[in-house]
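Student: Need the 3D shape of this:
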Amino acid sequence: MCFCFFALATCVVIFARHNQLEMLQKELKSQQHPTMKLVAIGIGEEDINTIKLLNPDLQRRQRQKRMSLWLMPFGFFAGITFTFIANLDTFAFAGSFGEHLIGGLLGLGSGLMGSFAAAASVSSESEDSIRIVRNRLEEGSWLLLIETAMGIEIPWAILQKARPQALVRLSDS
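Tutor: Numbers count the residues shown, from 1 in each chain. Below you'll find the predicted structure:
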């Protein structure tokens with residue numbers, strides 16, 4: 001599931017009962033905000049593991065892929081450059097061209113490993129909030145993820161009127 005807004009105001013509303021979630025969802029849809037996305041999460045609804053915003057593993061994998069796009073070519077050229085500069089004959093059996101190519105391939109592999117290490121070392125700023133939301137879902141609660149486009153305020157008064165267990169703000173626009 002992908003929401004293609006530039007900057008989002010995002011919150012998760014947590015309910016103890018499914019009918020509370022449905023009532024709020026109907027009320028928010030009746031307002032006809034074309035820039036508001038609503039995603040119900042829980043048993044019989046959307047799976048939390050498919051939503052990138054609420055799944056740290058998906059976020060980490062996406063970071064790793066993006067980082068590998070520039071780390072791998074950088075590593076390849078760094079490996080070739082190192083074999084020229086160091087003038088070592090480590091892979092002399094491959095000839096002069098093969099030696100530089102093997103050095104480049106080893107650099108490429110280093111770039112790939114670096115992308116995994118770098119992606120794993122970065123944590124998101126809303127990781128604690130996501131952990132709270134995921135724990136509530138495991139306890140049997142129902143979640144409503146609300147995202148609005150930049151400049152559109154989340155309707156806090158309507159959310160408070162619905163009497164949720166909790167409101168977790170993930171980001172502001």
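
Student: When you work out contacts or count neighbours from here on, use the C-alpha atoms and nothing else.
Tutor: Will do.

Student: quick check: longest helix of the protein.
Tutor: helix 56-86 (DSSP state H).

Student: tilt between the helix or strand following that helix and helix 56-86?
Tutor: With elements assigned by DSSP states H and E, the helix or strand that comes after helix 56-86 is helix 95-121. Between helix 95-121 and helix 56-86, the angle comes out at 150 degrees (axes from the mean of the first three to the mean of the last three Cα atoms, to 10 degrees).

Student: what's the spacing between helix 95-121 and its chain's center?
Tutor: Relative to the centre of its chain, helix 95-121 is centred 26 Å away, using Cα atoms, centre = their mean, to the nearest Å.

Student: same deal with stretch 133-152?
Tutor: For stretch 133-152, the separation from the chain centroid amounts to 15 Å (computed by Cα atoms, centre = their mean).

Student: for stretch 14-30, same thing?
Tutor: Here the centre of stretch 14-30 is set off from its chain's centre by 26 Å, with Cα atoms, centre = their mean.

Student: In the longest helix of the chain, which residues are buried?
Tutor: 56, 59-60, 63-64, 67-68, 71-83 (16 or more other Cα atoms under 10 Å).

Student: so what secondary structure elements neighbour that helix?
Tutor: helix 95-121 (3 or more Cα pairs under 8 Å, 6 or more residues apart in numbering; DSSP states H and E).
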